[in-house]
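[1] no sequence for this one, just the structure:
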């Protein structure tokens, strides 16, 4: 969202601070909640009567109906317990009950990370604080996408040394006056005040904290670099709980099919197919 309040609900530019970005977060949250509610209510009366008449398992049936949203039976059980809904009498669940159920399931399966953009504008700081106060249950990440783009472009042109997420950069090339002014602005107004541009931080929170991915590196103790000398240049993202066999299939179908064992590059220990991966593991896959 535009935390500076310089973009209205139609995406049109307006005077900075004239639009309240809190409306955007409220609107998006409500839209997602109503989407979930619509899916739950679709054919609900007949669905609930059938479940109750046949004395079927509402938790299992509802989980199947919403499986495309990553809703599991355990999550339905958690929701009905939390909301005090009687699973044996779904026909008695009110409109308000269904709405509360939709909100609960949406928050669990589709949590929001708010990228509060345009912190380079002076009107953003107060709005960021308001966002954090109003939506205490959400992750609000202050961002300056324009600053991040400028830093990456400068790094690509070898004018500076910078990695996404860094709190500073080093000038290594010749800069003209305009470039110096732009980089000084980013250093003073963004990096010094906000620690980083927020873009990489936002991505990391979404991928690692909410989607629950971990980073796994392919490599062996005596072979951690590529032909150019880059150490562990490749990595794979896998869900927490993934196994060594899952990693093998992630690399290639044939490697997964011929999996023999995995070797921990740090300890040299042989690991079986059911070994649960840990974040930043470095593994060599052995095949038959």
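    It's in. On a predicted model such as this, the values are computed, not experimentally measured, just so you know.
[2] So residue 208: helix, strand or coil?
    helix (DSSP: H, G, I helix; E, B strand; the rest coil).
[3] burial measure for residue 101, as a count.
    For residue 101, the neighbour count with other CB atoms under 10 Å is 21. The way it works is simple: take the backbone N, C-alpha and C, and place the C-beta from them, glycine included.
[4] same deal with residue 46?
    Residue 46, neighbours per other CB under 10 Å, totals 8.
[5] Which helix or strand lies directly C-terminal to the helix or strand it falls within?
    Residue 46 is part of helix 44-53 when elements are defined by DSSP states H and E. Using DSSP H and E, the helix or strand that directly follows helix 44-53 along the chain is helix 58-65.
[6] just checking, what packs against that following helix?
    helix 22-41, helix 44-53, helix 73-82 (3 or more CB pairs under 8 Å, 6 or more residues apart in numbering; DSSP states H and E).
[7] tell me which residues in that helix are buried?
    Across helix 58-65, burial judged by 16 or more other CB atoms under 10 Å covers 58-59, 61-63, 65.
[8] among those residues, which two are most distant?
    Spanning the widest gap among the buried residues of helix 58-65 are 59 and 65, at 11.0 Å by CB to CB.
[9] Just confirm residue 14 contacts residue 8, I think it does.
    Yes. Judged on CB atoms under 8 Å, residue 14 makes contact with residue 8 at a distance of 5.0 Å.
[10] Redo the buried residues of helix 58-65 as CSV? Include distance to residue 95 and pLDDT.
    Listed next are the buried residues of helix 58-65 as CSV, based on distance: CB to CB, whole Å; pLDDT from 0 to 100:
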residue, distance to residue 95, pLDDT
58, 17, 93
59, 20, 94
61, 20, 93
62, 16, 95
63, 21, 95
65, 18, 91
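[11] which of those residues lies closest to residue 234?
    The closest of the buried residues of helix 58-65, once distances to residue 234 are taken by CB to CB, is residue 63, at 36.7 Å.
[12] and the closest one, how far is that from residue 87?
    12 Å (CB to CB, to the nearest Å).
[13] Show me where the chain has its strands.
    113-116, 139-142, 160-161, 170-171, 213-218, 236-239, 259-264, 270-271, 281-287 (DSSP state E).
[14] Which secondary structure elements does the fifth one sit against?
    Using 3+ CB pairs under 8 Å, 6+ apart as the contact criterion, the secondary-structure elements in contact with strand 213-218 are strand 236-239, strand 281-287.
[15] cool, and the last one?
    Other helices and strands packing on strand 281-287, by 3+ CB pairs under 8 Å, 6+ apart, are strand 213-218, helix 244-251, strand 259-264.
[16] any idea what sits nearest the most centrally placed residue in the chain, other than its immediate chain neighbours?
    Using CA atoms, centre = their mean, the residue of the chain that lies closest to the mean C-alpha position is residue 206, 1.7 Å off. The shortest distance from residue 206 to any residue other than its chain neighbours is 4.9 Å, reached at residue 113 (CB to CB, 6 or more residues apart in numbering).
[17] show me the contacts for the one you found.
    138-139, 141, 202, 205-206, 210 (CB atoms under 8 Å, 6 or more residues apart in numbering).
[18] how close does it get to residue 248?
    In terms of CB to CB, residue 113 sits 31 Å off from residue 248.
[19] got the domain boundaries for the protein?
    Domain ranges of the chain: 26-109, 113-205, 212-287, per automatic domain parsing.
[20] mind checking how far the residue of the chain most remote from its centre is from residue 192?
    Computed with CA atoms, centre = their mean, the maximum C-alpha offset from the centroid of the chain is found at residue 53, amounting to 41.0 Å. Separation of residue 53 from residue 192 (CB to CB): 66 Å.
[21] Equivalent analysis for residue 153, please.
    On the measure of CB to CB, residue 153 and residue 192 end up 21 Å apart.
[22] what about stretch 83-93, start to end distance?
    11 Å (CA to CA, to the nearest Å).
[23] Revised request: answer the last question for stretch 184-192.
    For stretch 184-192, the end-to-end distance is 10 Å (CA to CA).
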